[in-house]
Structure formats: C-alpha cells, structure tokens
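sequence first, then the predicted structure, then my questions.
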Amino acid sequence: MLLVIDVGNTNTVLGVYDGDRLVQSWRLTTERQRTTDEYGILCRNLFELSGIRWDSITAIAIASVVPPLNYTLRRMASVYFHVEPLFIDPARNAGMPVRYSPPADVGADRIVNGVAAFARYGGPCIVVDFGTATTFDAISASGEYLGGVICPGIQISAEALFSRAARLPRVEIARTESVIGESTVASIQSGLFYGYVGLVEGILHRMIGELGEGVKVIATGGLAAMIGRGTGIIETVDPELTLEGLRLIYERNREAGAADGDGR
C-alpha cells in the first residue's frame, strides 16, 4: 500500500491507497513542532482505528510546502516504515512540463493538483485550491503547467477583518440566504462569502478569457464545496484531487525507475 501526505501550511492530509483505490484519508492540523516520534505514533493510531496494517505500507509520497517538516517526515518514513519517501519536486520528478520561472518556485501541491486534474478531466483546465492561500493554476490542452494566481485564503481574510475591527465579532464562515445582512453577524458572513465568491469568479473569468474555449474548472481544498456551490463557474469539486495526484506521480516515478532498471 501507498501512504500519501499533503503538507499544507494549515492542514496536513494523509491518505492510504491500495492500488488505485483510496482506502482511507485523514485531515490534521499542521504542527511544525511535532517530532518524528509524534508523527509516527499519530500514523500508527490512525491506522489502528481504521483497521489498516502498519506493515502494509511499502511506499510513501509527500508534497510539502512547509520545509521545516521535511526532515521530520523523511525520518519518520525511515524509522517507522523503513522506506525512503518520494518528495515531489516540481522541477524534477512531477512529470509535468512547468512553464514557470523558475520552475522550482511552484508549490509542490499546485503541480500535484495539476497532474491529477489533467489526468482526470483533461485540458485545458484550471484548478482552484482553497487552502491557507487560494491558488488558481492553469493547465494547457497538452498538459503543461502554465502558471496561475495566488491570493489570500478566505480564513486569512476573515482573521484580518476580526483583528483590525475591534467591534466586529468573530463569526463562522457560512453562506447566507440573502446578500443584504439584517444583523452584524449576517452582514459579516455575507461579505466574507459573497465577497470571496466575487473574487473567485472575477479571477476565473479573466483566466478563461486568456486560455480560450473549453476550459474545465475544478476546485479542491477544505472550503471548496461551500464556495463552489456559490458560483456556476466551478464545474467539479474534487476533495481528493491532491491525494490522487500524489498517487499518480508516485506510480509514474516507480514505473520510470523499473524501466531504467530493466535497461541496465
């Protein structure tokens, strides 16, 4: 079985694949201070609760945008699973041409999403990932990563509002029935939700205008379902997109390694 780990600034998502089937997944808070042993024990507990054998994991693939955790996770893979993990490097092993300058500056999760989106839905396509930052990534009809947009995530926007406006209460981010709020809480929720929907739609309209006809729009990330229901431009919400991209990249690297070995 394959363990895939997507390390984001706010959340870390883990998944276990048996072949091409996602057996189980978990979403955790990213803690930069966790040790190798803490990650190992955490994984063991999650596996036991889900009935997954500890020794069934034979490979690990990781996409990380938190460099301080890379050594910890590499060590965890070695000590607890006895495998060398594959860390996704957009410029080296992702298997997707990157038209970004320099290619190494692209977040690993963005390329992983692009690989999965192109494989599942074809191109041209745009992937919107609602994470700590909201990213918009453009993939060409031939499967090239063209670039994209990075903007503050809705949670960051909300925190900025709450911290700078002393009289405004903290509220849950939620869709309101009416844009015109009839209370302070409803007004804040409306502004956060519909304001963000407007941002998403505005960026997507411009990106689609540059890419041309036939562009597919896929959303992923923690708030993708909620924001996606607020706009008709997002066609598909795929919460497992990043995990699937990790699986695909691992399989392609494994097959390439096997081919190299056969050629020797």
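Received, thanks. Residues are numbered from 1 along each chain as shown.

domain-wise, how is this protein divided?
The chain resolves into domains spanning 2-87, 103-245 when parsed by automatic domain parsing.

out of those domains, flag the one nearest Gly95.
In terms of Cβ to Cβ, the element of the domains of the chain nearest to Gly95 is domain 103-245, at 6.7 Å. Backbone N, C-alpha and C define where each C-beta goes, glycine included.

what would the domains of the chain look like in TSV with distance to Asn93 and mean neighbour count?
Below are the domains of the chain laid out as TSV (distance: least, Cβ to Cβ, whole Å; neighbours: other Cβ atoms under 10 Å):
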stretch	distance to Asn93	mean neighbour count
domain 2-87	7	17
domain 103-245	10	18
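
dump these into JSON lines; add mean pLDDT and distance to Ala256 as well.
Shown next, in JSON lines, are those (pLDDT from 0 to 100; distance: least, Cβ to Cβ, whole Å):
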{"stretch": "domain 2-87", "mean pLDDT": "95", "distance to Ala256": "11"}
{"stretch": "domain 103-245", "mean pLDDT": "94", "distance to Ala256": "14"}
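
out of those, which is closest to Asn253?
Taking the domains of the chain one by one with Cβ to Cβ, domain 2-87 is closest: 6.0 Å.

how long is that closest one end to end?
For domain 2-87, the first-to-last residue distance is 13 Å (Cα to Cα, to the nearest Å).

same check on stretch 218-227?
End-to-end for stretch 218-227, by Cα to Cα: 12 Å.

how far off centre is that stretch?
Remark: stretch 218-227 is offset 10 Å from the chain centroid, using Cα atoms, centre = their mean, to the nearest Å.

can you list the domains of the chain in TSV and add distance to Ala94?
As requested, those are exported to TSV (distance: least, Cβ to Cβ, whole Å):
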stretch	distance to Ala94
domain 2-87	9
domain 103-245	5
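
torsion angles phi and psi at Ala186?
Main-chain dihedrals, Ala186, degrees, to the nearest 10: phi -60, psi -40.

next, the contact list for it, please.
Residues in contact with Ala186 (Cβ atoms under 8 Å, 6 or more residues apart in numbering) are Thr176, Ser178.

try 7 Å
Thr176 (Cβ atoms under 7 Å, 6 or more residues apart in numbering).

with Gly191 instead?
Here Gly191 is in contact with no residue (Cβ under 7 Å, 6+ apart).

and Ala160, how close does it get to Gly143?
Ala160 sits 37 Å away from Gly143, going by Cβ to Cβ, to the nearest Å.

Leu3 contacts Ile60, doesn't it?
Yes: if you go by Cβ atoms under 7 Å, Leu3 and Ile60 touch, sitting 4.7 Å apart.

not counting its neighbours along the chain, what's nearest Val185?
Spatial nearest neighbour of Val185, chain neighbours left out: Val171 (5.1 Å); criterion: Cβ to Cβ, 6 or more residues apart in numbering.

that's a strand at the one you found, yeah?
No: counting by DSSP: H, G, I helix; E, B strand; the rest coil, Val171 falls outside a strand, being coil.

Gln189 is in contact with that one, correct?
Yes: contact criterion Cβ under 7 Å: Val171 and Gln189 qualify, at 5.6 Å.

shared neighbours, those two?
By Cβ under 7 Å, 6+ apart, no residue touches both Val171 and Gln189.

which helices and strands does the helix or strand encompassing Arg120 pack with?
Using DSSP states H and E, Arg120 sits within helix 108-121. Helices and strands touching helix 108-121, by 3 or more Cβ pairs under 7 Å, 6 or more residues apart in numbering; DSSP states H and E, are strand 59-64, strand 125-130, strand 133-139, strand 145-152, strand 216-221, helix 241-262.

who's in contact with it?
Contact with helix 108-121 is made by 6, 8, 63-65, 88, 90, 94-96, 98, 125, 127, 129, 135, 137, 139, 143, 145, 148, 216, 218, 220, 236, 241-242, 244-246, 248-249, as judged by Cβ under 7 Å, 6+ apart.

that older thread, using CSV, lay out the helices and strands packed on helix 108-121 together with distance to Pro103.
What follows is these, written out as CSV (distance: least, Cβ to Cβ, whole Å):
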stretch, distance to Pro103
strand 59-64, 15
strand 125-130, 17
strand 133-139, 13
strand 145-152, 8
strand 216-221, 22
helix 241-262, 15
